[in-house]
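In: A structural model of the following input is requested.
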Amino acid sequence: MPAWVRSGDGTTNGDSVADAQDSDVEVVPRPLDALAQVLTDEQAERFRAAASRAAETLSGRTVWNVSSTATGGGVAEMLRTLLGYVAGAGVRTGWLVLAGDADFFTITKRLHNAIHGLGDGAFTAAEREHYERVLARYVPELLDRIGPRDIVLLHDPQPAGLVEPLRQAGVPVVWRSHIGVDRPNATSVAAWDFLRGYVEPADAFVFSRRQYAPAWVPTDRLWVIPPSIDPLSAKNRPIPAEERVRILIRGGLLSGGEPRLAQVVQGAPPPPADTRLVVQVSRWDRLKDMAGVMAGFAGIAPGREDVHLMLVGPAVAGVTDDPEGAQVLAECLEGWRTLPAGVRERVHLASVPTEDVEENATIVNAIQRHAAVVTQKSLAEGFGLTVAEAMWKARPVVASAVGGIQDQIEHGRNGLLIPDPRDLDAFAAAVGRVLDDGQLARRLGEAAHRRVRDQYLGDRHLGQYVELFDAVLGRVAPHPAA
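Out: Numbers count the residues shown, from 1 in each chain. Below you'll find the predicted structure:
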């Protein structure tokens, strides 16, 4: 019998999905009117129309989502909020999370890296067999639960091997890839070759960027749907300045009180007053290049004694689908120890617990809002929800011109882009420029907020998904990707 992750706690159980409701991730319906209030009148009208159309299109059906984790990453964060609006529109919604073993997640992490062009992209017959064997355990339970009138969305490489058995049972299947690489290389091509046989039968393919789709994806089944954020969630709701300081002191990210919820490497967290923070919030993942941010900060620190760097990631035990997290955190700690003493005392690595999703989101919200500058110096990035989150909070963002980040940020208008993420001098110069020019920081932040309101909230996202569902169910002609 397969194990499924319990809702939100990162543990597993031995119950089948057919007889254990608590193996689902709870989807809490979100009121549509609340989101409509932060939209323009035109956006609100489109949003309500999309919700009505969703209820009509999906009447008598359940939309199922299958992913690899319920916490600790952008996909999980997006699903938790977007599915809430789907449910709020009156659509039956389910979310199941795979609980593969350590070898399964090692294989899929290598696959994830290979799609980004890292590693060798070579997978052995034994690895393929193990990947298939783990997923095969889920098929009987899924088919017992999911009917041919339902729709299933499979997210990223982990559940990709479920496409074929679900399609053979007559269930419409959409495969959604949240990752990709701007310029394919031999490694990424090999990774897509591994996945092709599993996902090719899907009724539709969804990518965050058109450039991410391999050439073999049929254009009449290809959809480009960027992610979105929820401005009303704990991660993004408004927090007054005094409250956010209290949250960060209580959470241990600023000095001045107990208890400490987060684990901060450097002995004394920075003081809440007379300190400007440069902040990056990411998984402990080599592609996020936390070590490079520290090295770049060494070029920012001299002459700016009030500026501190804080790298914030999830507690590694809470991210079940990323076996490299603990190793990357250890590497960052080693890099922190090699920093010059005058820099090291102003660099802080924080691991935030994920057991309480609301608490985790609130701490991240507070630290982003408290930041003078938010960075995202990724080497590769599928989309970069942390960028959209910081932009919504009207923070000036300095980020790499990679992946979906370059779709969000218009350089010099609503943020600053670094053409080469490995160029530490350019990174340091851009962050220093924002720190030294308060007027620039305000202008970038205000424009960033408007950009997210117009392009990256749930109203646009829901509307695109309704169009997708209409096409998959044959209600309208397929809509080729732009």
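In: residue ranges of the helices in the stretch 251-400 of the chain, please?
Out: 290-297, 325-337, 341-344, 357-370, 385-392 (DSSP state H, counting those that start in this stretch).
In: Quick check: which of those helices has the most neighbours on average?
Out: helix 385-392 (a mean of 28; mean count of other Cβ atoms under 10 Å). No exception for glycine: its C-beta is placed from N, CA and C like everyone else's.
In: List the contacts of it.
Out: 74, 77-78, 227-229, 231, 235-236, 280-282, 364-365, 368, 371, 374, 376, 397, 399, 405, 408-409, 414-415, 445, 448-449, 451-453, 456 (Cβ atoms under 8 Å, 6 or more residues apart in numbering).
In: so who does G147 touch?
Out: Contacts of G147 (Cβ under 8 Å, 6+ apart): T62, V171.
In: Surely Y131 is within a helix?
Out: Yes - according to DSSP: H, G, I helix; E, B strand; the rest coil, the state of Y131 is that of a helix.
In: was I right about it contacting I107?
Out: Yes - judged on Cβ atoms under 8 Å, Y131 makes contact with I107 at a distance of 5.5 Å.
In: Give the residue spans of the protein that score low on pLDDT.
Out: 1-23, 72, 259-260, 265-267, 318-322, 475-482 (pLDDT under 70).
In: tell me the domain ranges of it?
Out: 4-228+457-472, 241-455 (automatic domain parsing).
In: for the shortest one, how far is the first residue from the last?
Out: Distance between the two ends of domain 241-455: 27 Å, counting by Cα to Cα, to the nearest Å.
In: Report the distance from it to the chain centre.
Out: Per Cα atoms, centre = their mean, to the nearest Å, the displacement of domain 241-455 from the mean C-alpha position of its chain is 15 Å.
In: between the helices of the stretch 251-400 of the chain, which one is nearest to Q263?
Out: Q263 sits nearest to helix 325-337 of all those, at 9.7 Å, using Cβ to Cβ.
In: Please enumerate residues in contact with that closest one?
Out: Contacts of helix 325-337 (Cβ under 8 Å, 6+ apart): 265-266, 283-286, 290-291, 294-295, 311, 313-314, 316, 319, 344, 347, 349, 351.
In: what's the residue closest to the geometric middle of the protein?
Out: Residue closest to the average C-alpha location in the chain (Cα atoms, centre = their mean): G74, at 1.4 Å.
In: what about the closest residue to W216 other than its chain neighbours, how many residues close to it?
Out: The shortest distance from W216 to any residue other than its chain neighbours is 6.3 Å, reached at R196 (Cβ to Cβ, 6 or more residues apart in numbering). Per other Cβ atoms under 10 Å, the neighbour tally for R196 reads 13.
In: Roughly how far does R196 sit from T108?
Out: 16 Å (Cβ to Cβ, to the nearest Å).
In: ditto for E243
Out: Applying Cβ to Cβ, the value for E243 to T108 is 39 Å.
In: and if you look at Q280?
Out: Separation of Q280 from T108 (Cβ to Cβ): 25 Å.
In: Counting neighbours around each, name which of those two comes out higher.
Out: Using other Cβ under 10 Å as the criterion, Q280 and T108 rank with Q280 on top: 27 against 24.
In: Pull the contacting residues for that one.
Out: For Q280, the contacting residues are K288, M290, V293, M310, L311, V312, V374, T375, Q376, K377, T386, by Cβ under 8 Å, 6+ apart.
In: Parallel or antiparallel, which strands does the longest strand belonging to the chain pair with?
Out: Criterion DSSP state E: the longest strand present in the chain is strand 307-314. Strand 307-314 has its sheet partners listed here by DSSP bridges as strand 276-281 (parallel), strand 347-352 (parallel).
In: Check what contacts that strand and list those residues.
Out: Contacts of strand 307-314 (Cβ under 8 Å, 6+ apart): 71-72, 253, 262, 270, 275-284, 290, 293-294, 297, 300-301, 325, 329, 332, 346-352, 354, 360, 364, 367, 371-372, 435.
In: Go again with 6 Å.
Out: 72, 270, 275-284, 290, 297, 346-351, 354, 367 (Cβ atoms under 6 Å, 6 or more residues apart in numbering).
In: of those, buried ones?
Out: 72, 270, 275, 277-284, 290, 297, 346-351, 354, 367 (16 or more other Cβ atoms under 10 Å).
In: hmm, back to that, can you list the helices of the stretch 251-400 of the chain in JSON lines and add distance to I179?
Out: Output for the helices of the stretch 251-400 of the chain, formatted as JSON lines (distance: least, Cβ to Cβ, whole Å):
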{"stretch": "helix 290-297", "distance to I179": "19"}
{"stretch": "helix 325-337", "distance to I179": "16"}
{"stretch": "helix 341-344", "distance to I179": "33"}
{"stretch": "helix 357-370", "distance to I179": "21"}
{"stretch": "helix 385-392", "distance to I179": "13"}
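In: for these, which one sits closest to P421?
Out: Here helix 290-297 is closest among those (Cβ to Cβ), at 7.3 Å.
In: helix/strand/coil for F205?
Out: Classification of F205 using three-state DSSP returns strand.
In: Count the residues that sit near it.
Out: Quick note: F205 (other Cβ under 10 Å) scores 21 neighbours.
In: what's the spacing between it and V173?
Out: Taking Cβ to Cβ, one finds F205 at 10 Å from V173.
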